[in-house]
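Chemist: Following is a predicted model, sequence given first.
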Amino acid sequence: MSVLVVVECDGGEVKKSSLEVASYGSQVAQLLGTTATAVAVGEATEASLAALGEQGITKVLYDAEPRLKDFVNGAYTKLIAAAAQQEDAKVLVLANSNIGAAVGSRLSVRLQASLATNVVELPKVDGGAFTVKRGAFSGKALADVKLSGDRKIIAVKKNSIEALHEAGKTAQVESFSAQLTDADFADAPKQVVMQDQAGGVLLPEADKVVSGGRGMKGPENWNLIEDLAKALGAATACSKPVSDVDWRPHHEHVGQTGITVSPNLYIACGISGAIQHLAGVNSSKVIVVINKDPEAPFFKAADYGIVGDVFDVLPKLTQAVKELG
């Protein structure tokens, strides 16, 4: 029962979430007594793909078709399915990301595979069946799901698995062609707009996030958020009310109806903590809340809290971070 791992790449590098997925896939392969092969999507360098050996990957398949640089649902689905068929993979592992969500359901139909999303632990193997634990109800509960099909697809939740780092190990990188045609790119976007984040850190992949709410009182004060984010090497984000009034762009909106993040550190500045916002950040490993209202609901979900005015706290916190760095 071979294992195929879908590795997402951007700007020539493997995404952090895909390093976690590669580690998960290699551990599943160990449980099954086999090896893990990866298929790369997006723009990558051979060196970055070879380095996946540190996460336990033995071989990486890479299609150098230039139109695969940006996500195209039909083309990515065909590419991954072709790799699965070539490798006779019975288990596919991918990230529970926007790309993973888009291709996972298509692959499930195309490969006639069982699918589990938002998975947070390694599977329990019982004969040919897997039992996996997945997050449910916006992270408020966990459910055990049994996958009994001949093929299985597992979408791993970000930050739920520690990435392995076995220094010195490299994977063999092989050219691969899925024989893609123009028809496979029919659903390609007519225009791709890249959204820059402060400090160049992409929000969905960020290890640290500094987020602001209506307590910032206006867009003219956002330099306080950006200064702290720059000092930490973090991405910036905001609550829904902030994006609704155009203080910040909508691609920074974090929450149930925006982007879901799972950083190691989430700092909420002047955000009350509505349940819709919490649903988008409750997978963060450490949550720090800064709010002058000691009764703000967000404090109940926080690991650390600072009761104080963001306009007093943020400059001092930024200076402290700079001194430590």
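Modeler: Alright, I've got the coordinates.

Chemist: separation between the nearest residue to Ser2 once chain neighbours are set aside and Val5?
Modeler: Leaving aside its chain neighbours, Ser2 sits nearest to Ala89 (4.9 Å; criterion: Cβ to Cβ, 6 or more residues apart in numbering). Any C-beta I mention is one placed from the backbone N, CA and C, and that applies to glycine too. With distances taken as Cβ to Cβ, to the nearest Å, Ala89 is found 9 Å from Val5.

Chemist: Between the two, which is the more surrounded one?
Modeler: More neighbours surround Val5 than the other of Ala89 and Val5, with 31 against 26 (other Cβ atoms under 10 Å).

Chemist: Looks like the more buried one contacts Glu20 (just checking).
Modeler: No: judged on Cβ atoms under 8 Å, Val5 makes no contact with Glu20 at a distance of 10.5 Å.

Chemist: for Asn159, what are its contacts?
Modeler: Glu20, Ser262, Pro263, Asn264, Ser283, Ser284, Lys285 (Cβ atoms under 8 Å, 6 or more residues apart in numbering).

Chemist: again, but for Val41
Modeler: Val6, Val7, Glu8, Cys9, Leu68, Phe71, Tyr76, Leu79, Ile80, Ile99.

Chemist: rewinding a little: narrow the contacts of Asn159 to just the buried residues.
Modeler: Glu20, Ser262, Pro263, Ser283, Ser284 (16 or more other Cβ atoms under 10 Å).

Chemist: Could I get the residues you listed in JSON lines, plus columns for pLDDT?
Modeler: Shown next, in JSON lines, are the buried ones among the contacts of Asn159 (pLDDT from 0 to 100):
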{"residue": "Glu20", "pLDDT": "95"}
{"residue": "Ser262", "pLDDT": "88"}
{"residue": "Pro263", "pLDDT": "92"}
{"residue": "Ser283", "pLDDT": "86"}
{"residue": "Ser284", "pLDDT": "92"}
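
Chemist: now the helices: where do they sit in the stretch 201-325 of the chain?
Modeler: 223-232, 240-244, 275-281, 310-324 (DSSP state H, counting those that start in this stretch).

Chemist: make that the stretch 1-150 of the chain, sorry
Modeler: Listed in chain order, the helices of the stretch 1-150 of the chain (DSSP H, counting those that start in this stretch) span residues 16-32, 46-50, 73-87, 98-110.

Chemist: re the thing from before, from Thr45, how far off is the residue nearest to Ser2?
Modeler: 24 Å.
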